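Visitor: what's the 3D shape of this:
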Amino acid sequence: MAGRVSTAFRAFFAALANREAAERIDHALKDQPTTESPVAPALPSRAEPVKTAPERPKQNEAVTLLATLQREARLVDFLKEEISGYSDEQIGAAVREIHRESASVLNRMFAIQPVLEQDEGASVEVPEGFDPARYRLTGKISGQAPFRGTLRHHGWIVTRSEFPEFIGNESAAKTICPAEVEVQP
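Guide: Numbers count the residues shown, from 1 in each chain. Okay, here's the model as predicted:
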């Protein structure tokens, strides 16, 4: 039956597109012999070629993160600056602002949370079948899990990863921060 349905659709569209095909189909339906070959002509291509938009340049997510940390926290400026000539007080003042703004970027883009909620120094249990990506065991390890130990670092985990959509061109895809030029009148 599937073959007949396919044939019916092909016949319908062939009749719509081509008058000669419509006449042959009409003769076939009336059981009238035709003088032409019973092979149906190929259906004309009615579909327009699909025009695809040129692929937009992509920005690597690492570059996006660096660009965001630079734009909002001036982190790259700070890390690339020679700081040996500054006092500890000057560096400390700069770090407070960079720390606050960088933390804001990380929270917004990654929603970073501790792997374990307990305070560092707390006694914790590492369960049987634990994921080694979430637990790094140190010290004297023997036997099988579950293990008991002291939490030395609670670890970090990303709970989302949201990067802004890049809308720039190919040159901008590698730019962390554009050069800023003040034009003089």
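
Visitor: for the longest helix seen in the chain, give the mean pLDDT please.
Guide: Longest helix in the chain by number of residues, with DSSP state H as the criterion: helix 88-110. Averaged across helix 88-110, pLDDT comes to 94.

Visitor: outside of it itself, list whatever touches it.
Guide: Residues from elsewhere that reach helix 88-110 (C-beta atoms under 8 Å, 6 or more residues apart in numbering): 65, 68-69, 72-75, 78, 83, 86, 112, 158-163. Just so you know, the C-beta spots here come from the backbone N, C-alpha and C atoms, and that holds for glycine as well.

Visitor: I'd like the next helix or strand past it.
Guide: For helix 88-110, the succeeding helix or strand toward the C-terminus, using DSSP states H and E, is strand 112-114.

Visitor: how about whichever helix or strand comes after that following strand: buried residues?
Guide: Sequence order places strand 123-126 as the next helix or strand after strand 112-114, per DSSP H and E. Across strand 123-126, burial judged by 16 or more other C-beta atoms under 10 Å covers 124, 126.

Visitor: show me the helices in the protein, by range?
Guide: So, for the chain - with DSSP H - the helices run 2-17, 19-29, 61-73, 75-80, 88-110.

Visitor: dump the longest one to CSV, restricted to CA.
Guide: By that I understand helix 88-110. The C-alpha trace of helix 88-110 is given here as CSV (Å, rounded to 0.1, in the frame of the first residue of the first chain):
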residue,chain,number,x,y,z
ASP,A,88,51.5,46.4,49.3
GLU,A,89,48.7,48.9,50.2
GLN,A,90,48.3,49.9,46.5
ILE,A,91,48.2,46.3,45.4
GLY,A,92,45.8,45.3,48.2
ALA,A,93,43.4,48.1,47.2
ALA,A,94,43.5,47.0,43.5
VAL,A,95,43.0,43.4,44.4
ARG,A,96,39.8,44.0,46.4
GLU,A,97,38.1,45.5,43.4
ILE,A,98,39.4,42.8,41.0
HIS,A,99,38.4,40.1,43.5
ARG,A,100,34.8,41.4,43.9
GLU,A,101,34.2,41.9,40.2
SER,A,102,35.9,38.6,39.1
ALA,A,103,33.8,36.7,41.7
SER,A,104,30.7,38.3,40.3
VAL,A,105,31.6,37.2,36.7
LEU,A,106,32.3,33.6,37.9
ASN,A,107,29.0,33.5,39.8
ARG,A,108,27.0,34.8,36.9
MET,A,109,28.6,32.6,34.2
PHE,A,110,29.2,29.4,36.2
